[in-house]
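Enquirer: just the structure for this:
(one chain, ligands or ions: 1)
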Amino acid sequence: MELPPFELERWLDEYEPDADLMLAESGVRSLPVDRFDLDVGELGYVIPTDGSPEFRADIAERYDRDPEEVVLTCGTQEADYLTFMGLLSDGDHSVVVSPTYQSLASVPAAIGDVTEVRTEPPKWNLSVDAVADAMRLDTQLVVLTNPSNPTGKYLGPETMQALYDLVEENDAYLLVDEVYRMLADDPHAPAASLGPRAISTAGVSKSYGLAGARLGWVVADRELADTVRKWKDYTTISPPLLGQHIAQQALGEQEADILEANRTHAKSNRDLVAEFVERHDLDWFEPTGVNGFPTIPDGFETGKEFCRSVFKAESVVLAPGDVFGYPNRFRIGFGLHTDELEEGLERVGRHIKSRN
Ligand SMILES: Cc1ncc(COP(=O)(O)O)c(C=O)c1O
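Expert: Numbering: from 1, shown residues only. Alright, predicted model coming up:
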């Protein structure tokens with residue numbers, strides 16, 4: 001199996017270390033560790049290695065599923081990866097909705113064959129008919145992020161039900177990466193609650209501001225969850241003990257406070273980006289979450305050219321749309337602290353003006 005370089009991660013690695021301001025982070029600003037109890041006793045593996053039974057039961061309840069259908073992982077990235085490894089065999093076909101986070105397309109393409117279903121601006125609506133047309137007799141999996149990274153489109157319950165019905169009719173699975181879901185003001189039911197043919201992956205990185213906890217999960221039917229357990233023995237063995245302890249508090253007694261603060265923060269920062277987009281005559285879809293995907297300003301050929309010149313002139317990192325297959329756009333992450341966002345927008349705005 002041959003994986004291509006992860007273009008977004010390579011881009012960030014090149015520019016982030018020397019930059020003053022990072023407007024390309026996709027999650028909400030990180031929480032300080034001192035708001036959590038950190039006493040886990042001895043720093044061993046999590047036993048049982050698929051996660052604490054109480055925590056898995058709590059997560060299962062959120063999806064209306066059985067605790068045995070939940071496996072805790074090292075972040076959502078591992079949850080997605082293990083799902084692909086567990087479900088797909090050499091040559092299996094997947095349908096992937098784009099634009100998306102690269103691993104969700106690259107891993108199934110490295111194992112088998114992928115048909116991309118592109119969504120388009122201004123609304124980034126997904127045509128379920130287009131997904132149906134892309135499916136083949138041997139399609140195993142339909143994959144999407146909801147809310148989307150990078151567009152921030154949040155597909156509603158009717159579309160999700162129609163997708164579910166489609167995969168069920170075709171004996172396939174629906175994998176929905178829902179790592180941004182809890183940033184929605186009023187999240188609708190998660191994918192895995194639709195039935196056994198749907199798989200949800202998520203974690204505490206993006207919506208809770210706890211990327212360093214490296215705690216995620218897969219919710220899938222028992223057979224697939226067991227296959228994920230089997231694969232996990234070869235990757236990270238167990239989820240991180242400290243990350244699990246922090247995540248339990250974040251999803252427990254602290255959840256209401258964290259989510260309310262993060263949603264309020266996302267909304268006020270989103271308003272700042274909306275003003276910026278309007279002031280500079282760009283187009284965007286007003287997103288759910290903390291990522292937007294505006295058009296690049298006039299005078300630049302590609303997202304890479306624009307983002308590179310912003311970095312050189314103003315030391316601000318943005319993510320070029322090229323790495324998502326949409327080179328006339330860039331992704332702006334606005335989950336960071338508001339004063340940093342204001343400073344970043346000011347600098348990017350100054351650069352755009354200097355070029356026009
Ligand atoms: C859609 C999506 N899934 C997974 C990840 C990785 O998340 P985690 O930090 O939980 O591994 C990202 C990171 O940007 C993402 O955008």
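
Enquirer: what about the strands in the stretch 151-300 of the chain?
Expert: Taking DSSP state E, counting those that start in this stretch as the criterion, the stretch 151-300 of the chain contains strands spanning 173-177, 198-203, 216-219, 291-292.

Enquirer: among those, which comes closest to the ligand?
Expert: strand 198-203 (3.6 Å; Cβ to the nearest ligand atom). The way it works is simple: take the backbone N, C-alpha and C, and place the C-beta from them, glycine included.

Enquirer: name the strands paired with that closest one and say parallel or antiparallel.
Expert: If you go by DSSP bridges, strand 198-203 pairs up with strand 173-177 (parallel), strand 216-219 (antiparallel).

Enquirer: which of the ones you listed sits most buried?
Expert: The densest packing among the strands paired with strand 198-203, expressed as mean neighbour count by mean count of other Cβ atoms under 10 Å, is seen in strand 216-219 with a mean of 29.

Enquirer: does that one reach the ligand?
Expert: Yes - for strand 216-219, a contact with the ligand is found by Cβ under 6 Å from any ligand atom, at Gly216.

Enquirer: got a list of contacts for that strand?
Expert: For strand 216-219, the surrounding residues in contact (Cβ atoms under 8 Å, 6 or more residues apart in numbering) are 51, 56, 59-60, 63, 65, 69-79, 82-83, 179, 190, 192, 199-205, 225, 228, 239.

Enquirer: what do you get for stretch 285-294?
Expert: Under Cβ under 8 Å, 6+ apart, the answer for stretch 285-294 is 26-28, 99, 121-124, 147, 149-154, 180, 183-184, 206-207, 266, 269-270, 273-274, 277, 282-284, 321, 324, 326, 329-335.

Enquirer: gap between the two ends of it?
Expert: From its first residue to its last, stretch 285-294 covers 7 Å (Cα to Cα, to the nearest Å).

Enquirer: okay, buried residues for it please.
Expert: 285, 287-294 (16 or more other Cβ atoms under 10 Å).

Enquirer: max pairwise distance over those residues: which two?
Expert: Farthest apart among those by Cβ to Cβ are Thr288 and Pro294. That separation is 15.4 Å.

Enquirer: quick check, the residue in the stretch 1-150 of the chain closest to the ligand?
Expert: For the stretch 1-150 of the chain, Cβ to the nearest ligand atom, closest residue to the ligand: Gly75, 2.6 Å.

Enquirer: what residues does the stretch 1-150 of the chain have near the ligand?
Expert: 26, 75-77, 101, 145, 149.

Enquirer: mind saving the C-alpha coords of stretch 16-29 as CSV?
Expert: Presented in CSV, the C-alpha positions along stretch 16-29 are these (Å, rounded to 0.1, in the frame of the first residue of the first chain):
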residue,chain,number,x,y,z
GLU,A,16,4.1,27.1,10.6
PRO,A,17,7.3,26.9,12.6
ASP,A,18,8.5,30.4,11.4
ALA,A,19,5.2,32.2,11.3
ASP,A,20,3.9,34.9,13.6
LEU,A,21,0.3,33.9,13.2
MET,A,22,-1.4,30.7,12.4
LEU,A,23,-4.8,31.1,10.6
ALA,A,24,-4.7,27.6,9.2
GLU,A,25,-5.4,25.5,12.3
SER,A,26,-8.7,23.7,11.8
GLY,A,27,-9.8,23.3,15.4
VAL,A,28,-11.0,25.6,18.1
ARG,A,29,-8.3,27.2,20.3
